[in-house]
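Participant: Okay, sequence plus prediction incoming.
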Amino acid sequence: MSNRLNAGDIFPSLSLDMTSGTALRIPEAMSGRYFVALFYRGHW
């Protein structure tokens with residue numbers, strides 16, 4: 001089973017803590033408009 005999303009797949013529910021102290025809830029935040037989510041994996 002692949003963990004990748006394909007065209008037309010439903011994005012999984014995520015809640016991300018923002019630096020402003022609020023939470024961004026995906027896919028609710030994406031409703032009704034275009035949305036781009038970039039995830040960077042960093043190591044310090």
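Facilitator: Here it is on my side, so go on. Fair warning: this is a prediction, and the values are worked out from it, not measured in the lab.
Participant: I figured Ala37 was touching Ile26, is that so?
Facilitator: Yes: if you go by C-beta atoms under 8 Å, Ala37 and Ile26 touch, sitting 6.7 Å apart. C-beta coordinates here come from the backbone N, C-alpha and C atoms, glycine included.
Participant: List the buried residues of whichever strand or helix holds Leu24.
Facilitator: Leu24 is part of strand 23-26, with elements assigned from DSSP states H and E. In terms of neighbour count (16 or more other C-beta atoms under 10 Å), strand 23-26 has no buried residues at all.
Participant: other SSEs contacting that strand?
Facilitator: When contacts are defined as 3 or more C-beta pairs under 8 Å, 6 or more residues apart in numbering; DSSP states H and E, strand 23-26 packs onto strand 14-17.
Participant: count of residues packed around Gly32?
Facilitator: 5 (other C-beta atoms under 10 Å).
Participant: On the pLDDT front, check it for me.
Facilitator: The per-residue pLDDT reported for Gly32 equals 75.
Participant: for Met1, same thing?
Facilitator: Met1 is given a pLDDT of 54.
Participant: Could you do Phe11 as well?
Facilitator: pLDDT recorded at Phe11 is 76.
Participant: Hmm, it is touching Ser31, no?
Facilitator: No: counting by C-beta under 8 Å, Ser31 is not a contact partner of Phe11; they are 11.0 Å apart.
Participant: Can you pull the poorly scored residue ranges out of this protein?
Facilitator: 1-2, 44 (pLDDT under 70).
Participant: can you give me the helices for it?
Facilitator: Taking DSSP state H as the criterion, the chain carries no helices.
Participant: which residues touch the strand holding Leu24?
Facilitator: For strand 23-26, contacts defined as C-beta atoms under 8 Å, 6 or more residues apart in numbering pick out Phe11, Ser13, Leu14, Ser15, Leu16, Asp17, Met18, Ala37.
Participant: So Phe11 and Ser31 - more neighbours on which side?
Facilitator: Phe11 (11 against 7).
Participant: What distance do you get for that one to His43?
Facilitator: Phe11 is 26 Å from His43, where distance means C-beta to C-beta, to the nearest Å.
Participant: repeat for Leu16
Facilitator: 19 Å.
Participant: now Thr22
Facilitator: Distance of Thr22 to His43, given as C-beta to C-beta: 26 Å.
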